[in-house]
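Q: need coordinates for the following:
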Amino acid sequence: MLKNVLLLLGSIGLILPQAVSGQISEFELSNGMKLLVKEDHRAPVVTTQIWYKVGSSYEPNGITGISHVLEHMMFKGTEKYPAGEFSRIIAENGGSENAFTGRDYTAYFQTMEKSRLPISFELEADRMRNLLLSPDEFAKEVNVVMEERRLRTEDKPRSFTSEKFRATAFTSSPYRNPIIGWMNDLENLTVEDLRPWYDRWYAPNNATLVVVGDVDSNAVFELAKTHFGSLKPSTIQAIKPRREVVQKGERDVHVRLPAKLPYLLMGYKVPVATTATEDWEPYALEVLAGIFSGSSSARFPRELERKQQIAAGVDVGYDMYARQSVLFTIDATPSAGHTMSEVKKAVEEQIETLVSGKITDQELARIKAQVVASKVFERDSVFYQAMQLGMLETVGIPWQESEMYAERIRSVTAEQVKAVAKKYLVTSQLTTAYLHPQAISNGKPVATPQQKKSVDEKAIQQKAVTQSSKKQGS
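A: A predicted model of the protein is given here:
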C-alpha cells in the first residue's frame, strides 16, 4: 500500500504542471477592474467569469438576501438587451451561462467557443452599469426567490437544520445569515432597495474578470479595454469587519420536523487563509478533514460506520477560502438503534484519539495524496481553473496561492495536524444541531421511539444539572 501511495505522490508532480499549464497574466484597467487570463489551448473553448466583491456577508440586517435577488435581476434586461435577451444570445451562439451568489461574492459565467468571447464581454459590460431594475420584473423574481427558499430550505429538514445551526454557531459574524436571506426580509424587500446596492457594488473597480481557455492573453486585455474600459467606477467604502466574538461555551440547537432520519451536525470555529495567525494552519485543517473523512478508508467511515456500526454516514466539511473564519463541520446520521448523542460521543472520542495518539507516515502520505489529487483533477476543467482564480481574488487572497497549494499540503506534518485539532476542536468552540424526526399521525407530528429515547436522555441530564446547581447554591 505504501509503495502505491508513494507512486501516486510522485505522479502528482507530473500531473500538476499538465493540468494547470499556461501562464497566468494579470492586468488592470484604468477604471480599476482587474483581469486575470490563463491560456489553456487543449480545446477551442473559453470560460469567462466576472466576480463581484459582494455577497450575503456584506448585507446588513433587514435586507438579507438582496445580493441573491440582484443576481436574478441581472438577467432581466437593460435598455439595449431587454429581459431574456442575454440568455437567448448566449444560447444562440452555442454557449452556456449561469450565475451564483455566495457569502463573499456574486459571480456570472459563460462557456463558449473561443471566437465568441467578444459577445460575452459585450453582454457583461452592458449589464454591469445599465441594468433597468423593472418593478414588474422585481415583483416576479422576489417571489421566485421566496419559492426557492421554501423548496430548498424550509421544506428540507436537513437544510432547515443547517440554517438554524449556523444562526446559533455565529453571534456577530455575518455568516450567521443565510445566503438566500430570511423570509421576512425577502417579503419586505423593495426594488428601491436594489438600486443603491447595484450602483455601489456592480462597478469595474469592484470586479475581477477571469478568462481561461484557448486565447491569447494580450488580445484578451485589448478586448477587455474595448468593452469595459469606458465604464465608470463607483465609490467603494470599506465594509465594517464584523468579526465573530469569542465563543466561551458549547451551544446546542434542537430542530423538530417531519423527517425520515435523525441528523447530527457539529461545528467548531476555525480560521481560514485570510484569518489564520499561522499560515500553515488552514492547510493542516485541510489534511485533518481528509484524515477524518477523505475517503472510505478515512477514520470516521472506518471506525464509526464499519467497525462500531454506530453511524450510517459521517462527513466532514471545511473551506479554507473565505473572508471570515468558518466552521469545521461534522455531520452524521445514526445507524438504526443508536442515538445522536452516542454518535456525538463517538466523534469526540475519535478527535481525542487523534490528538493523543499517532498519525503514521503511511496514513499521512495517503491523505496528502488524496487531498492534492482532488484539487489537481478539479483544475483540469477550464471552468474550475477560472473559479479558483476568481474566488481567491474576491475573498482577498492573491491568486498565486493556488499555485502553491500542492506544495503547502505536502509540507504539513503530523504534529501540525494534531496541533490544529487540539487547538480548535474543543468543546468551548462547539455548536451542535440535532434534527429530531417527527412522525405524522392525524396530521400532527409525534415523537419516534428513537426520539423519545433521546428526549429521555436529555431529561435525565437536565435533572442532574438541576440537582448539581442546587448543591452549588446551598
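Q: mind listing the strands for the stretch 1-150 of the chain?
A: Taking DSSP state E, counting those that start in this stretch as the test, the strands found in the stretch 1-150 of the chain are 24-28, 34-39, 45-52, 96-101, 106-113.
Q: distance from the chain centre to stretch 35-44, please.
A: Centroid separation for stretch 35-44 versus its chain: 25 Å, with Cα atoms, centre = their mean, to the nearest Å.
Q: mind listing what's buried in that stretch?
A: For stretch 35-44, the neighbour count (16 or more other Cβ atoms under 10 Å) marks Leu35, Leu36, Val37, Lys38, Glu39, Asp40 as buried. For every residue, glycine as well, the C-beta is placed using N, CA and C.
Q: check stretch 195-205 too.
A: Those would be Trp197, Tyr198, Trp201, Tyr202, Ala203, Pro204, Asn205, for stretch 195-205 by 16+ other Cβ under 10 Å.
Q: kindly report the same for stretch 358-365.
A: By neighbour count on 16+ other Cβ under 10 Å, the buried set for stretch 358-365 is Ile359, Glu363, Leu364, Ala365.
Q: tell me which element the third one falls in.
A: Element membership of Leu364 [criterion: DSSP states H and E] is helix 361-378.
Q: end-to-end on stretch 129-140?
A: Terminal residues of stretch 129-140 lie 22 Å apart, using Cα to Cα, to the nearest Å.
Q: err, stretch 236-245, not the other one
A: One end of stretch 236-245 sits 26 Å from the other (Cα to Cα).
Q: what does stretch 256-272 give?
A: End-to-end distance for stretch 256-272, by Cα to Cα: 32 Å.
Q: centre of the chain to it, how far?
A: Between the centre of stretch 256-272 and the centre of its chain there are 16 Å (Cα atoms, centre = their mean).
Q: averaged pLDDT, that stretch. What do you get?
A: Averaged across stretch 256-272, the pLDDT comes to 97.
Q: coming back round to it: which among the buried residues of stretch 195-205 gets closest to Lys260?
A: Within the buried residues of stretch 195-205, the smallest distance to Lys260 is 39.5 Å, found for Trp197 (Cβ to Cβ).
Q: wait, the closest one touches Gly65, no?
A: No - in this structure, Trp197 is not within contact of Gly65 by Cβ atoms under 8 Å, at 11.1 Å.
Q: point out where the stretch 351-474 of the chain drops to low pLDDT.
A: For the stretch 351-474 of the chain, applying pLDDT under 70 flags the ranges 440-474.
Q: swap in 90 and give it another go.
A: Per-residue confidence for the stretch 351-474 of the chain (pLDDT under 90) gives these ranges: 374-380, 402-403, 439-474.
Q: mind listing the strands for it?
A: 430-441, 444-447.
Q: grab the nearest non-local neighbour of the residue most central in space within the chain.
A: A centroid search over the chain (Cα atoms, centre = their mean) returns Asp319, at 6.3 Å, as the residue closest to the centre. Counting by Cβ to Cβ, 6 or more residues apart in numbering, Val326 is the residue found nearest to Asp319 once chain neighbours are left out, at 5.9 Å.
Q: what does Lys269 give?
A: If the residues on either side of it in the chain are set aside, Lys269 comes closest to Gln429, at 4.8 Å by Cβ to Cβ, 6+ apart.
Q: so who does that neighbour touch?
A: Taking Cβ atoms under 8 Å, 6 or more residues apart in numbering, we find Gln429 in contact with Gln247, Tyr268, Lys269.
Q: for the first one, give its distance to Ala298.
A: Right, the one you point to is Gln247. According to Cβ to Cβ, to the nearest Å, Gln247 stands 27 Å off from Ala298.
Q: what do you get for the last one?
A: When distances are taken as Cβ to Cβ, Lys269 and Ala298 turn out to be 23 Å apart.
Q: dump the strands of the stretch 1-150 of the chain into TSV; add distance to Thr339 as well.
A: Compiled in TSV, the strands of the stretch 1-150 of the chain are given as follows (distance: least, Cβ to Cβ, whole Å):
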stretch	distance to Thr339
strand 24-28	51
strand 34-39	50
strand 45-52	44
strand 96-101	37
strand 106-113	41
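Q: which one of those is the most hemmed in?
A: Comparing the strands of the stretch 1-150 of the chain by mean neighbour count (mean count of other Cβ atoms under 10 Å), strand 45-52 comes out on top with a mean of 25.
Q: contact partners of that strand?
A: By Cβ under 8 Å, 6+ apart, the list of residues contacting strand 45-52 from outside reads 105-114, 116-117, 120-121, 124, 128, 201-202, 206-215, 382-383, 385-387, 390-391, 393-394.
Q: so Ser295: helix, strand or coil?
A: coil (DSSP: H, G, I helix; E, B strand; the rest coil).
Q: so how far is Ala373 from it?
A: Using Cβ to Cβ, we find Ser295 at a distance of 11 Å from Ala373.
Q: quick one, which of these two is more surrounded?
A: Per other Cβ atoms under 10 Å, whichever of Ser295 and Ala373 has more neighbours is Ala373, with 17 against 12.
Q: was I right about the residue nearest to Asp319 contacting Thr274?
A: No - applying Cβ under 8 Å as the test, Val326 and Thr274 come out as separate, 10.3 Å apart.
Q: between the contacts of Gln429, which sits nearest Gly313?
A: Tyr268 (19.5 Å).
Q: name the SS class of Ala289, please.
A: At Ala289, secondary structure determined by three-state DSSP is helix.
Q: what number of residues lie near it?
A: Ala289: 23 neighbours (other Cβ under 10 Å).
Q: oh, and call the first residue 38 from now on, that's how I've got it
A: Okay, using 38 as the starting number, the last item reads as Ala326.
Q: that one is in contact with Asp356, isn't it?
A: No - using Cβ under 8 Å, Ala326 makes no contact with Asp356, being 9.8 Å away.
Q: just the pLDDT at Arg280, thanks.
A: pLDDT, Arg280: 96.
Q: how about the contacts made by it?
A: For Arg280, the contact set (Cβ under 8 Å, 6+ apart) comprises Ser209, Ser210, Gln361, Ser362.
Q: my guess is the last one contacts Thr312. True?
A: Yep, that's Ser362 we're talking about. Yes - assessed by Cβ under 8 Å, Ser362 is found in contact with Thr312 at 4.9 Å.
Q: format the strands of the stretch 38-187 of the chain as TSV; extra columns: distance to Arg447 and mean pLDDT.
A: TSV is the format used below for the strands of the stretch 38-187 of the chain (distance: least, Cβ to Cβ, whole Å; pLDDT from 0 to 100):
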stretch	distance to Arg447	mean pLDDT
strand 61-65	21	97
strand 71-76	23	98
strand 82-89	28	98
strand 133-138	31	98
strand 143-150	30	98
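Q: can you tell which of those is closest to Ala383?
A: strand 133-138 (35.5 Å).
Q: can I get the CA coordinates of that closest one in CSV?
A: Listed next in CSV are the C-alpha coordinates belonging to strand 133-138 (Å, rounded to 0.1, in the frame of the first residue of the first chain):
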residue,chain,number,x,y,z
SER,A,133,-23.9,28.0,-21.6
GLU,A,134,-24.3,30.6,-18.8
ASN,A,135,-25.4,31.0,-15.3
ALA,A,136,-24.6,32.7,-12.0
PHE,A,137,-24.2,32.0,-8.3
THR,A,138,-24.2,34.0,-5.1
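Q: adjacent strands (with direction) for it?
A: Note on strand 133-138: by DSSP bridges, its sheet partners are strand 143-150 (antiparallel).
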